[in-house]
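*Asks:* Got a sequence here, can you model it:
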Amino acid sequence: MTARMSNDRGDVVVGWLTRLLVIFAIVGVALIDCVSVVRAHFGAQGDADLAASNASQAFAVRHSTADAYAAALMVATGNEETIDKHSFRVDKAGNVSLKLTRTAQTVALEHLSPLRKFGVITSLGTATAPSGSAAAP
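*Replies:* Residues are numbered from 1 along each chain as shown. This is a model prediction of the structure:
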């Protein structure tokens, strides 16, 4: 009996511990990436609305679509986001709509081609003209 116990190396225990460690690591990375994508979604929505608001205020002051777009870009570039130039709209009253894109900083999603699209967040931002501003001539 003592000879049998001295030859027992614990391979079964080490095997199960290794499997558990791998499973916990995969679940942990997936959880971190999910939280990162959710944070990016809410952050992008807030930044899209802020960029639209800044653009609307800039348009109210200078009545220039280019200045309004530049004001929106200041918000986006500070957070490593982009604004689609073709989606940027300012109407005559100074109401602004735009599409902002942010890429979530993830551990695994950005390295897996089929899943990469889930880390790219697109948000629509709108803002009405500030009250008391005159429409463009």
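*Asks:* Please list the residues outside stretch 38-45 that contact it.
*Replies:* With contacts defined as C-beta atoms under 8 Å, 6 or more residues apart in numbering, stretch 38-45 is touched by 79, 81, 100-105, 119, 121-123, 125. Using the backbone N, CA and C atoms, a C-beta is placed for each residue, glycine as well.
*Asks:* Report the lowest-confidence entry in those.
*Replies:* Ranked by pLDDT, the contacts of stretch 38-45 bottom out at residue 79, which scores 84.
*Asks:* mind checking the SS state of residue 99?
*Replies:* Per DSSP: H, G, I helix; E, B strand; the rest coil, the secondary structure class of residue 99 is strand.
*Asks:* so it touches residue 89, yeah?
*Replies:* No: counting by C-beta atoms under 8 Å, residue 89 is not a contact partner of residue 99; they are 9.8 Å apart.
*Asks:* Of the contacts of stretch 38-45, which is the nearest to residue 67?
*Replies:* Among the contacts of stretch 38-45, residue 125 lies closest to residue 67 (C-beta to C-beta), at 17.1 Å.
*Asks:* Among the contacts of stretch 38-45, which lie within strands?
*Replies:* Among the contacts of stretch 38-45, the ones falling in strands (DSSP state E) are 81, 100-103, 121-123, 125.
*Asks:* just to revisit the earlier point, in CSV: the contacts of stretch 38-45, plus neighbour count and distance to residue 22.
*Replies:* Formatted as CSV, the contacts of stretch 38-45 follow (neighbours: other C-beta atoms under 10 Å; distance: C-beta to C-beta, whole Å):
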residue, neighbour count, distance to residue 22
79, 15, 35
81, 21, 35
100, 28, 38
101, 16, 34
102, 22, 31
103, 16, 28
104, 21, 24
105, 14, 24
119, 19, 23
121, 21, 30
122, 14, 34
123, 21, 36
125, 27, 42
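*Asks:* Having no further points to raise, I will conclude here.
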